[in-house]
Each structure stands twice: as structure tokens, then as C-alpha cells.
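J.: Can you look at this prediction? I've put the sequence above it.
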Amino acid sequence: MRRRLVLLAVAISLMVALSFVIPLAFLVRDLAQDRALAAGERQAQDIARVIATLTPDRGVLEASKAIAPVSDGNLSTSLILPDGSVVGGELLAGESPTLAITGTAFRTAVGGDQIIYTPVIQEDGETVVVRVVVSEAALSEGVRQSWEVLAGVAVTLVALGVVAAAILGRSIIGPVQALADSAALLGEGDLSVRIEPAGPHEIQEAAIEFNRLAERISRLVQRERDAAADLSHRLRTPITALRLDMDGVEDSPAMTRVWEDLDILERTVDFLIRHSLRPVSPDSVSDFAAVLTERVAFWAPLAREQGREVTVSIGAGEAMVRSAEHDLEAMIDVLFDNVFAHSFGGSPLAVTLRRDRQNSYLTFEDGGPGFSSTSVLGRGSSGSSSTGLGLDIVRSTAEGAGGSVSIGSSQSLGGARIEVRLPLVA
């Protein structure tokens, strides 16, 4: 936008400058010509008076010597005598003073010069013609310098227009850019961002409305988070009651697994409460490989209990991605839970994390029945009796980090294949 304002200022300044520079340039040229011609005519008249005064006493030849002092480089003066001879200079090619010899004063152009003829009629009736040549240099004297001054004025006007446009553009672009940056931060999840209204009145109004919108979004999000925390906290009561009821049941392998599942449920409720109360941190960066290693170790006992053969390939080194650790944990837990819930016990599982120069790729492959449709990625969609929110959590987590999710069939294990792509960051 600033560039367009500068270009507009240049165009307007050029139009204004040219609208008066061009006429002034022609006017300067005409004034210089008029000044030179007036000087030539004045000199011709002065010499004619001298000739008319001196000729009766001294004669024409003696009187012609009086013109020498008034000749210069730009104005060349000479006399045309009655017999046609010229005193003081030669006639130019194509020059015809016949009309002047007959007693008529006139001016004519020969080449780039102007020649002024002023006849002086003697007492004996013969005519002596005063001839003044105004050179082309005299006609354009000072014009070039004047044009240079006018060009400098035009360039100065254009430069001032550009500077004014740049200042005006900064006063407009600055607040607009600040508003755009704040909107980008708000879109990334920073609910604390606010903007100081500045710039033109319309942009200030937009900034005020943006602050109102951000404040309302903050209140709505906080209200939802509080509600989620309250609901999660209410689950503690039935969990506590279930623990009290299980205290009276005899120990057995099945009860041990129930106790373990109850512990997992309680940790999940605690996680929901912490997740609801945590502040938003849109710029979190985590080590995808370290989180995956920890979650594999967490789910390994359940896999062994179900008799699953789990193949894990993570590789050495970090895999830094733009996502919080708890979000990555929740995504990986959903992928494990999806395998354990929807594939037969004892079916194999392969977990792979590979990297290239720009992305990391997490792949889950199992030997279960696979997916019946790709619609299971949609929120609320499920191929079985589940809520259909699990894979949507995976998708939203991946897209929040700038990645994507794809599903298909495993070529090696024959079941489902889920691949999560997350861009790597420094």
C-alpha cells in the first residue's frame, strides 16, 4: 500500500510540475528572444541616429567608423552603402537587403540568426542601411540555465511529494500492520494480545473493535475452560466412590487390571483439570521423539498383557515441533488407544518416527480390520461405537502445529495405517 501511495504521489507531482514547467520553459525561451531582438533594434536605432548626425559633416565613410565600438559577439553591426558595398561585415548567404535599400525597415531570419535593417535616408536622397545581426547564441542566451533551474524545481517538487507520501503512508501502514500482526497472534491462540488505537479515525475504530473482539473471545474461552475443569472435577466423586466399593472385593488378576484402569482414569481426569486451567501458549516447542519414547514406555505393559508384538523405530536425535508436550501426549495416547480398542488382542503394532529436512512423520500400523472409510477423521465420525472424537483430536493437534494426518491400509501388517506429519522447527 505504501508503494502505491508513493507511486500516486509521483504521478500527481509529475503532472503538477509538468503543467507549469513546460509553459514556463517556452515562456523563458520567448522572453530571451524578445530581449535579444529588443537589444538589436535599440542598437540599430542608436547607430542610425549617429550616422544621420555625422554623415552631413564627415561623409558616410568617416561616419561608419563610429559603429565599431558598439559591435560585440552577439550583436554584429554593419552598414550597407548606397552603392551596395558593406562596411563592417559580409552579407550572409541567402540574405537580401533590397527592401531596406528602398527605405523600408524590417527584420528577417537567415539560418538561426535574426537580421534587423534600419534605413537612414541622406539629404541627397540616397539611403544608408544600418544592419544588425542578432546571433542564434544571443537569442537563446540564459535559456539553458533557466531550464535547468525549472527542471531542478520540478525534481524538488516530485521529491517533496514522495517524502510526503512516505510520511502519510507510514502513518497509515504502521497502524494497519500492527492490527494485522495482532490479529495473527490472536489467531495463533494468544488471547492476551491487545492493540493501541493509532492512525486515522477509521483505523482507530477498527483497533477498538479488535480489542473488544479479543476480550470477548478471552471471556468465552475462559468460560469454556472453567466449565471443562468443573465437569472434570465432578468425576472425582464417582471415582472415589468406586474405589471405596472395590476395597471390599477380593484380590484377583482381574481386579488388579481394574485397579490399574482406575488409576489411568484418575490420571486422565487430573490431566483434564490441568489442561483446562493451563494458560494458552501458542509458541510451545517440544521434542516429538522424547514425548513418543515416554508414551511408548507407558503403553508397553498393556501391549505385553494383550500379547501384542510391538515394533518401535524412533531413531536418535531430537525432533522439535511447534506443539506443547501435553498436546503431543494426548495425540499419541489417542493413537495407542485407537489400536487397542479397535484391533484384536495379539495383533501386531508398528510405531515409526522418521524425519527428513523439513518434517517429522509418525506412523502407526496394526494388524486389525483397518478403516472402512476416510470419514473417520471428521469430528464425531466413527466406524464403531466410539465417540468419534479421538482421530479428530489427532487431526486438530497436527493441523495446529502446521502438519496433517493421512489414513490408509498397512502394506506390511494388513490393518490400519495412520501417518501424522509435523513440520520441524529449529
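T.: Yep, it's here.
J.: List the residues that contact residue 294.
T.: Applying CB atoms under 8 Å, 6 or more residues apart in numbering, we find residue 294 in contact with residue 329. C-beta coordinates here come from the backbone N, C-alpha and C atoms, glycine included.
J.: downstream neighbour of the helix or strand encompassing it in the secondary structure list?
T.: Using DSSP states H and E, residue 294 maps to helix 288-305. Per DSSP H and E, helix 288-305 leads on to strand 310-313 as the next helix or strand towards the C-terminus.
J.: Tell me where the stretch 151-300 of the chain has strands.
T.: 286-287 (DSSP state E, counting those that start in this stretch).
J.: Most distant residue from the centre of this protein?
T.: Relative to the centre of the chain, the most outlying C-alpha is that of residue 124, 88.6 Å out, by CA atoms, centre = their mean.
J.: In three-state terms, label that residue for me.
T.: coil (DSSP: H, G, I helix; E, B strand; the rest coil).
J.: in the helix holding residue 294, what's buried?
T.: 288, 289, 291, 292, 295, 296, 299, 302, 303 (16 or more other CB atoms under 10 Å).
J.: Can you show me the CA trace of that helix as PDB?
T.: The C-alpha coordinates for helix 288-305 follow below in PDB (Å, rounded to 0.1, in the frame of the first residue of the first chain):
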ATOM      1  CA  PHE A 288       8.400 -35.100  19.400                       C
ATOM      2  CA  ALA A 289      10.900 -38.000  19.700                       C
ATOM      3  CA  ALA A 290      11.300 -37.700  23.500                       C
ATOM      4  CA  VAL A 291       7.500 -37.500  24.100                       C
ATOM      5  CA  LEU A 292       6.900 -40.500  21.800                       C
ATOM      6  CA  THR A 293       9.600 -42.500  23.700                       C
ATOM      7  CA  GLU A 294       7.900 -41.800  27.000                       C
ATOM      8  CA  ARG A 295       4.400 -42.700  25.800                       C
ATOM      9  CA  VAL A 296       5.700 -45.900  24.200                       C
ATOM     10  CA  ALA A 297       7.100 -46.900  27.600                       C
ATOM     11  CA  PHE A 298       3.800 -46.000  29.200                       C
ATOM     12  CA  TRP A 299       1.700 -48.200  26.900                       C
ATOM     13  CA  ALA A 300       4.200 -51.100  26.700                       C
ATOM     14  CA  PRO A 301       2.900 -53.000  29.700                       C
ATOM     15  CA  LEU A 302      -0.700 -53.100  28.300                       C
ATOM     16  CA  ALA A 303       0.700 -54.300  24.900                       C
ATOM     17  CA  ARG A 304       2.600 -57.100  26.600                       C
ATOM     18  CA  GLU A 305      -0.500 -58.100  28.600                       C
END
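J.: which residues of the stretch 251-400 of the chain fall in helices?
T.: Ranges of helices in the stretch 251-400 of the chain, per DSSP state H, counting those that start in this stretch, are 253-277, 288-305, 325-342, 390-400.
J.: Reformat the ones you listed as CSV; add distance to residue 164 and mean pLDDT.
T.: Output for the helices of the stretch 251-400 of the chain, formatted as CSV (distance: least, CB to CB, whole Å; pLDDT from 0 to 100):
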stretch, distance to residue 164, mean pLDDT
helix 253-277, 53, 68
helix 288-305, 53, 89
helix 325-342, 50, 85
helix 390-400, 45, 82
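J.: With distance to residue 361 as extra columns, can I get the ones you listed in CSV?
T.: CSV is the format used below for the helices of the stretch 251-400 of the chain (distance: least, CB to CB, whole Å):
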stretch, distance to residue 361
helix 253-277, 26
helix 288-305, 10
helix 325-342, 13
helix 390-400, 11
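J.: If you compare the directions of the helix holding residue 294 and helix 325-342, what angle comes out?
T.: Between helix 288-305 and helix 325-342, the angle comes out at 30 degrees (axes from the mean of the first three to the mean of the last three CA atoms, to 10 degrees).
J.: any idea how far helix 288-305 is from the chain center?
T.: Distance, stretch centre to chain centre, for helix 288-305: 47 Å (CA atoms, centre = their mean, to the nearest Å).
J.: Repeat that for stretch 107-126.
T.: Per CA atoms, centre = their mean, the centroid offset for stretch 107-126 relative to its chain is 70 Å.
J.: And that stretch, end to end?
T.: 21 Å (CA to CA, to the nearest Å).
J.: What are the contacting residues of it?
T.: Here stretch 107-126 has contacts from 36-37, 40-41, 44-45, 47-48, 51-52, 55-56, 60, 82, 92-95, 97, 99-106, 127-136, 139, using CB under 8 Å, 6+ apart.
J.: Sort out for me which of the residues you listed are in helices.
T.: Of the contacts of stretch 107-126, the ones assigned to helices by DSSP state H are 36-37, 40-41, 44-45, 47-48, 51-52, 55-56, 60, 99-101, 136, 139.
J.: From those, keep the buried residues only.
T.: The neighbour-count criterion (16+ other CB under 10 Å) marks 36-37, 40-41, 44, 47-48, 51-52, 55, 60, 100-101, 139 among those as buried.
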